[in-house]
Every structure is written in C-alpha cells, then in structure tokens.
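Asks: Sequence isn't available, so here's the structure alone:
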C-alpha cells in the first residue's frame, strides 16, 4: 500500500494509521534517505501541503492517559466519582513537583531531546531541527495552586510533549529546533510572585530577588527549594543567553466565554493588565468587650470596608478586584486586630483603565480608613479613631499584545482541525489571567491557545477539560508550531 | 513610741511605718500574745475600728516592683523607652506561664499559704483564718493575650498576693481563710474558650471538653499542656469540692470610662452578656483573572460584607460586634477564596438585646450571602452565585449581676482610701469584658474592682496602669477583703 498523501516523501517510522487511512503506513520497514546524503528525517514542514499538515494528528488517547498518570504526583481533593475526578495540590518545588519534573526530563530525553535547566529551574527540552536558530517552543507549567485542578498549566506541557512525540512518530523534520518548556512557579502560590521564572528569563525580575522569595507560611526560599530538589540549573536564566524563537502556550480558558458561546478554540491575542498589591492596615489592638466603637482603630473592620469598596469600584469601572490572602494580628476572638494585611489583585484589558482604578482606590482607601464616607461604606458605622493604609506593589503586568503571525498560525491550525465546522468555533480572545507567555512575548513571537473548561472553573479541584477539548488544544498547538516553523523558514528567521 | 491607733492591740512584726506615722511601729521587738493562750495573730478584723481598717496599707512600691519583675517571663513587644514599657506574650500553659506559676506557688508558700492545684491547673493559695468556712479570695489570672500588656489579670493576682503580704506584715487575723487564685486560661487566646477553667469550676463546661480543647494554630490540647508543665492538679475542679467563700477581682477597666470621667475606682456591679461565634462562609475557589463577578462565589468578599454589617447592626442596637480571627482557604493572591472562617464576638448589657441582635444577624447574614441587599452592603456590587453561612456558638456568657454586699465592701474600701476626695472618684460600672468573676459569681458572692488604664487600651502591649492606680486598686482590694471578712463574721457565714 502506497501512501496517497505523503507520496514520495513517505518514510515509515511507526506503524500508526491515521484517520486518513494509509498515511504514514508504508510497507517498507527500512528507513530510506532522500535528497541528502546526511541523515535526515522523513517529512519537512516546508515541503508539506496544507492537506499533509492537516493529516498530522496527535494521539489524543495517549495525551489523556499520560497527563492523568502524572497527576498521581501531587494529588489533591476528590470532587467526583470518576478516576480523574481528583484535584491537584502540586506546589512549585515541592516533592511532588520534583517527581513531575523528573518525569518531564526522562520523557523528553527518551524522545531524543537535549534537556537543559536554567538558574530558575525552568526546563528546556529541545528536538533538533534542520537549521540554526532559537527553538519554537510549546511552554507552560507543571505546578498548581494548593487546591488546583489537572489542566491549568499541566495540559500545555503535556500537549507540547505530545507534539514532539507526534513529530517523532511521523518522522517530521522541522526547519528550526522545536521544544517544550516547563516554567517554574507560574502559579505564584507558594512563592508569591506568579510567573516569576519566565519573568526572570525576560529580565522583569532580578535573579537575586527571585531567589530570596520566601514561601507563604514557611521559611524556605525559592533558591533553597531549587537546591533541595536538585533543580538549580547552570544555564543562565535569560532571554539573551537562552533565546526563544517562538512560544506557543495551550491553556484552559479558566473562564466561561468559550463554553457559553459554543467556541472550541480561542486564538488569544493578548492578556489583561493586572497588578498585585499587598495592603497593610494598621490600627490598634484593643479589647472587644470594653472598647466602644468610637475608641477603636479596628484594622479588620477597615479591611472589610476596603475589600468591599474595591469590589464596588472595580465593578463600576469594568475591572476586576479580588482578595485571595488575608492575615491579621494578634488573632484572638476578644481582641480587635490592630494589624491586617491582605492581597489585592486588580485587572483590566487596558493599562490606562487599570491605572485609573489604582489611583482611585489609593485615595478612597485612605479616606475610608480615616472614617470618611466613600460610596456608602462608612455611612452607617461608628467613626472610630482611624487606621493607616500602606500599599506595596508586588506584581505589575501591563496589558500584553501577542504576535500577529503566531496568532494566525493558531487560527489556521484550529480551522484546519475543525474543518467545515470551524465557523464560529475559533474566536479571538483576551486572556484574563497572567501566563508565562506574557513574559516570553516581551522577547519572542508568542501566542496562546485557549480551550473551554467546564463552567469556567479553575484554581479549584473540580477544574475540568474534556478529552475532546484537551485533544483539540494539543492538535491546534502542534499545527501552529509546524505552521510557524514553515513561516520562519519562509521568512528566513 | 506607742501606737496611737492600734493601742493595746499593737504587736510589732515588721518595722513598717505607715502613712499615719507610728502605726505598727512599736519599741518592743518581742511578739506578745494577748487575750488568748493559744498562738494568735495581732489584729482581728472584727475588732478593728474603721480608722484602724483605713490604716492598713499595702506596700505600693513592693507591689509595682514585684509585678514587673515577674513580667520578665513572657516579655512581648517594646512600645516605649521606660523599663516597664514592654508588652506581654504569656500564653496560658506555655513555658513562660509555667515560670509565672512556679513563682506564684513558691511565693504564696513562703507567706505560709496552703497551695492546692485543681484538675484545670487553677491554683488556690490559702492563708489560714480563725474559723471554718470557704476562703475569701482575691482571684485573677497570670496568662495574657499574644500581644497583651502587663496589667490585665496580672495586676489582680499580684494585688491579691500583696494583700496577703500586708496581712502577714501587720499580723492581721481574719475570721475566715483568705487567699489568692490564679485561674488557668482566662484569656481564651491559646485554647479558644475564655475563662474556661473558672467555667469548669462553676460547672459551665465539662472537664472532658475542656481537656480536649486544641490550641489555635497547633496540636497541643489543654490537658497535654497541663501535663507537660506539671500543673495537672489532683483537686477536683468544682465549686462543690472546692467552694469559694467570696471572690474579689481587681482588674484594669480595659475601657476609657474611668479615665475620661476622672474616676479612680470602679465598683463593678456585673458584666455584659456576650456570645462568641465561629462563622463559616463557603463559596467556590476560582481564578481571580478569568472569573467575572457574576460567576463567583467569593467567600472573602461575602465575609467582608458580613463583618461590616455586624458592625452597622450592632451599632444601631447599642451593642458591640467584633471580629478578631479570620482564616481563609486556599490563600493565594490569584485565587478567589472558597472558604472563610471568622470569629464574631457580640456584646450587650442586656441578655434580651443580645438575643435580638443574634437573631437579626442570622437572618441578615444568610440574605447577604445570597446576594440580597441588606442595609446597603449589596447595593453596589455584582450579585454573584452566592455563598452559604454556618454559625457555631462557642461561648454564651449571659449578663452577670454581682453580689451587693461585696460591691458595698468595695465602695467602702475605696472611699476610705480616697478620703475626702472620694466624691465622684468611686463609681458603679458594668464590665464590658468577661472575667473569671463572671463564673465565680454563679456560686459565690463576687465583686470586681476596676482601676483606670491609659486611654482604655488593653489587649495591647501598650496597656498601662500607673503605679498610683495599681496601688489604689490593690489597697481597695485588701480593704474590701477585710471588710467582707468582718461582714461574714457578723453574718456568721
């Protein structure tokens, strides 16, 4: 049986039979070399027709199976009866994360990749291409929130590995190196700056400050944990020393837009601007039973007002505001807390809108803490002796615009996969969350691919992306990488 | 020189010279016995004139010095430049509390007291009186809040010891036993039920449940810590097995009323009713960047609204409401918390008013968590998917009325001490805080003595009671105990 699509280029390496029947199944078991006397692979991306590209299919079942097998490391809370209905709790650089990392290194090495670890523990696995030049990567992260799910980050890394496996299976030769990246501490849950490691790579944070970051509720630093688990690499964590040719990141949407609109693939044009602050409210400890309201400097009551006001004001401005961490001192039922610290996360599509919100909240918080009424939060209570409010900026992530040619590769790949149904199923969107792609986009052509997740639930054990959507995402990722490889060859970059 | 006041009763034991000059200073260095062939003390309370009672003076300097010397154990945060301008952090049953307890036992034994420890670690030091009958005690506590001061509780115990020392110095014979009690875990800061040990004594809590109480943020139980520090006594913790004849407690006011009104001594008639609850708000974890407000079940935002509303509603009802503890999960800047738990402490002078507030808040909290507007807290925000609210009652302390004859002894003692200035300086008041006296009053005649503390600050390192006010309080305490002893003899109880 002769391959009808790859024709003369067809060289068997595996015995897989694609959806198209004969593709990649050839009678010869002997690998042959054509057009060259040096060893070369079977199919070059630049020689593929659109039909051929469309016929390159990932193994959806393998992707699903492998992804869930690695979720044994860092298993979280069970939320349903199914075998995969268990959340994740794989905090970065913990023992479970080390197991996932070890698996990543072993697997990509077994695929023939060259694996390097940089000074932030970011792992770069590279499959050799034909020409010199920085690799086209699929990148995401294997760490999770303390009560996270099985898809956020994890899907993107697994899809990247599945893409490399498929390239190997089908003996595809890319013009440039391709690879997969596992970024360290994307979540910012354990060491509280998210995407810190792609941030260091991009030059947004110094290595020194990143190393010093102390874990929430503990004493270990990012550096001490990198050392402890053996992932303090020697490669410089820098876009200069270790450039990226392009970065594609598959991710669950983490919101309900695709699901509610019947979309299948989001071609992500960029990411919301967001800022993270630590707000410290200082009042005075006093006895809850003997101190009348007018004599109090109640830091907890003040914090409650500030949190409520941040929500009301963000809503009015079409932004988001959230508080995910709150600590207080001294922490006794009959002592009014004199010290409260909470996180404030504000987001907007536009940098200018976000800055406006920030400035307004700074003024409003001070007035509210002083007992002045702002939008009703102090309208009914007793004016006490006031508190002070201090702002600390922890993360400033401006609105990001991804690379148009990368976005187009995503769109083309998705449309090719979905075929005649592609109509409204592929849509351009903006990411609500931050991702490592936000930092890679500062120094490399970048785009993201979103797939629906059930009810938009994420950062929750019940986060769920169906096998179909996982497969659609990984297929789109591979197609985008191959298309971009071809584009690079055409452009000569 | 012959004593002009105690006349024939005067027998020197110390060489102290009182404010009145010659009192207790007699030329004879040999103790003599009069009116009796059995060994007896110098002065009987029942034989004292009012003038003589007024002349019995504590050693104010000694009280101040000894009190601060024991504050070395459990030193907290420094807040000023003075030698005693350091707060306390002496959590119950910790190592520092053990040191303070050891000192208490040694000191009272050295004064000739019989010392017994009950099953809750309450320490009873008793100085023998003339007749059979339960002792008249001064009682308070040596434990503090994690960021407490040097006077709350500590002053009451030290004043009691100073009272016994003075009785010894002046060789006073009481009709009934007198003593000092150090109650365990009055603060409820480490094991979160306040006055649990006087509560067990009073039969308000079972010993079994008290033993099981686990420390905040740890694993030790009240029983395991009693055992560890060697204060798990054999005496039954019970008002039946170990009755109290009367209980006088000197305490700082912990509020600003005395100071702002020029008062010197509060004769406390009773204590506010209060209830402590643990409120659990359940929502759903979700991503802060990708989840629009309408899709959230934000437990932290809901908790903020409930805390603000509890304040507004308590104010409208003339009550107090406070939140001193708040915990959330999972605790990550970019995850909306799906679980928040906070303490709610509500207080009123009247039981009925408190019940009315409790019922109103229960209804309001549920409506607010469902997104309905109650008094404006949901007026501006986006209605999300709602949260649930669960109430757990931890402490129910009804309003307490103290014993009129004890209160009168306090008033008389204070007026005697202050002399012609006593006019508005002695005032009847209600305690805003709970105290061990609330439980003793269930089974023994009880009253409390309040002294001013600066700006009403308490449960704070900067809590301060001047040497003059500490001395006034201890002097009033001693006078009240002696007067009550005389009253008991007259009544024959």
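Replies: On my side now, so go ahead. Because the structure is a prediction, the values reported are computed rather than measured. Residues are numbered from 1 along each chain as shown, chains lettered A, B, ... in the order given.

Asks: Strands along the stretch 51-200 of chain A, start to end?
Replies: Applying DSSP state E, counting those that start in this stretch to the stretch 51-200 of chain A gives strands spanning A:75-78, A:86-88, A:114-117, A:123-127, A:136-141, A:172-173, A:178-183.

Asks: what's the answer for the stretch 301-450 of chain A, then?
Replies: So, for the stretch 301-450 of chain A - with DSSP E, counting those that start in this stretch - the strands run A:320-322, A:326-329, A:335-336, A:339-348, A:388-397, A:400-401, A:426-431, A:446-451.

Asks: Could you find the closest non-adjacent residue to residue A:315?
Replies: residue B:382 (5.2 Å; C-beta to C-beta, 6 or more residues apart in numbering or on different chains). For glycine as for every other residue, the C-beta is placed from the backbone atoms N, C-alpha and C.

Asks: these two touch, right, residue A:323 and residue A:342?
Replies: Yes - with contact defined as C-beta atoms under 8 Å, residue A:323 reaches residue A:342; the gap is 5.1 Å.

Asks: Between the two, which contacts overlap?
Replies: Listed contacts common to residue A:323 and residue A:342 are residue A:307; contacts here mean C-beta atoms under 8 Å, 6 or more residues apart in numbering or on different chains.

Asks: what about the spatially closest residue to residue A:427 that is not a sequence neighbour, is that helix, strand or coil?
Replies: Nearest-residue entry for residue A:427: residue A:263, 5.0 Å, with adjacent residues in sequence omitted and distances by C-beta to C-beta, 6+ apart. The three-state assignment at residue A:263 reads coil, by DSSP: H, G, I helix; E, B strand; the rest coil.

Asks: where's residue A:263 relative to chain B, distance?
Replies: 14 Å (C-beta to the nearest C-beta, to the nearest Å).

Asks: Was I right to think that residue contacts residue A:424?
Replies: Yes - with contact defined as C-beta under 8 Å, residue A:263 reaches residue A:424; the gap is 7.0 Å.

Asks: who has more neighbours, the two?
Replies: residue A:263 (18 against 10; other C-beta atoms under 10 Å in any protein chain shown).

Asks: Read off the pLDDT value for the more buried one.
Replies: Looking at residue A:263, its pLDDT stands at 96.

Asks: same question, residue A:346
Replies: pLDDT, residue A:346: 98.

Asks: What residue, apart from its backbone neighbours, is nearest it spatially?
Replies: Nearest one to residue A:346, counting by C-beta to C-beta, 6+ apart, is residue A:321 at 5.0 Å.

Asks: cool, residue A:86 as well?
Replies: Nearest one to residue A:86, counting by C-beta to C-beta, 6+ apart, is residue A:78 at 4.8 Å.

Asks: from memory that neighbour sits against residue A:88, does it?
Replies: No - counting by C-beta under 8 Å, residue A:88 is not a contact partner of residue A:78; they are 11.4 Å apart.

Asks: Those two: who's more crowded?
Replies: residue A:88 (28 against 12).

Asks: Residue A:430: neighbour count?
Replies: 16.

Asks: So it is in contact with residue A:267, correct?
Replies: No - between residue A:430 and residue A:267 there is no contact under C-beta under 8 Å: 10.9 Å.

Asks: got any ranges where chain A has weak pLDDT?
Replies: Within chain A, the segments meeting pLDDT under 70 span A:1-41.

Asks: how does it look with 80?
Replies: Scanning chain A for pLDDT under 80 picks out A:1-42, A:421-423, A:493.

Asks: can you list the domains in it?
Replies: A:60-272+A:399-491, A:274-396 (automatic domain parsing).

Asks: Now tabulate those in JSON lines and tack on distance to residue B:202.
Replies: Shown next, in JSON lines, are the domains of chain A (distance: least, C-beta to C-beta, whole Å):
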{"stretch": "domain A:60-272+A:399-491", "distance to residue B:202": "38"}
{"stretch": "domain A:274-396", "distance to residue B:202": "19"}
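
Asks: Which of those sits closest to residue B:156?
Replies: Of all the domains of chain A, domain A:274-396 sits nearest to residue B:156, with 15.0 Å by C-beta to C-beta.

Asks: got the phi/psi numbers for residue A:191?
Replies: phi -100, psi 110 (degrees, to the nearest 10).

Asks: Give me the distance between the residue nearest to it when sequence neighbours are not counted and residue A:79.
Replies: In space, and not counting its chain neighbours, residue A:191 is closest to residue A:213: 4.2 Å by C-beta to C-beta, 6+ apart. Residue A:213 sits 31 Å away from residue A:79, going by C-beta to C-beta, to the nearest Å.
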